[in-house]
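Q: What follows is a predicted protein model with its sequence.
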Amino acid sequence: MSDTTTLPDLLEQIDEYGAYDGDPINTLLEWYFGFCVKIIIPPPNNAVLGPTADHDPPLQDQHIAAIRTGGQMAWNISSRYNLRCRGETQMGRWKMVKGPKLKVWSFLTHKTNARIGAPILNKMTEL
């Protein structure tokens, strides 16, 4: 099963989604969220420009061209892709504080654990 076939069901469940780059995924995200959303998915290292890159480049080709022109780090900064590291770091901290999986079964206890863990995580972020 590919991202293209599973993505619609996933999008129904969540507010944001990260997926592999490509026109089918970009088209689906634009259809689902509209053109006001900025899709920032880095192309794979072996990505090549498509046939319309010169006159009507799709988003993936725009990313490839920007990376070729300024380099990966410059693209990370200009596209704000590097901000995703903050989220990944926070999730790593959460797992460090709370453990890699939930240890209780009731929803009420999950909420209580989150209320305890979130201030700890926020304090780590402040430091």
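A: All right, it came through fine. Residues are numbered from 1 along each chain as shown.
Q: packing partners for the longest helix seen in the chain?
A: As assigned by DSSP state H, the longest helix anywhere in the chain is helix 107-126. Applying 3 or more C-beta pairs under 8 Å, 6 or more residues apart in numbering; DSSP states H and E, one finds that helix 107-126 contacts helix 84-98. Placement of C-beta: from N, CA and C, glycine included.
Q: Quick one: work out the angle between the helix it packs on and helix 107-126.
A: 120 degrees (axes from the mean of the first three to the mean of the last three C-alpha atoms, to 10 degrees).
Q: same for helix 84-98, what does it pack against?
A: Using 3+ C-beta pairs under 8 Å, 6+ apart, helix 84-98 sits against helix 107-126.
Q: Could you pull out the buried residues of the helix it packs on?
A: 113, 121 (16 or more other C-beta atoms under 10 Å).
Q: Only C-alpha atoms, please: export that helix in CSV.
A: What follows is helix 107-126 as a C-alpha-only set of coordinates in CSV (Å, rounded to 0.1, in the frame of the first residue of the first chain):
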residue,chain,number,x,y,z
PHE,A,107,-8.3,7.7,29.0
LEU,A,108,-8.6,9.7,32.3
THR,A,109,-5.2,8.4,33.4
HIS,A,110,-3.7,9.3,30.0
LYS,A,111,-5.0,12.8,30.4
THR,A,112,-3.6,13.0,34.0
ASN,A,113,-0.2,11.8,32.7
ALA,A,114,-0.2,14.4,30.0
ARG,A,115,-1.1,17.2,32.5
ILE,A,116,1.9,16.1,34.6
GLY,A,117,4.3,15.6,31.7
ALA,A,118,3.5,18.7,29.7
PRO,A,119,4.8,21.2,32.3
ILE,A,120,8.0,19.2,32.6
LEU,A,121,8.4,19.3,28.8
ASN,A,122,7.7,23.0,28.8
LYS,A,123,10.3,23.6,31.5
MET,A,124,12.9,21.6,29.4
THR,A,125,12.0,23.8,26.4
GLU,A,126,12.6,27.0,28.4
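Q: hmm, back to that, and the average pLDDT for the longest helix of the chain is what?
A: Average pLDDT, helix 107-126: 81.
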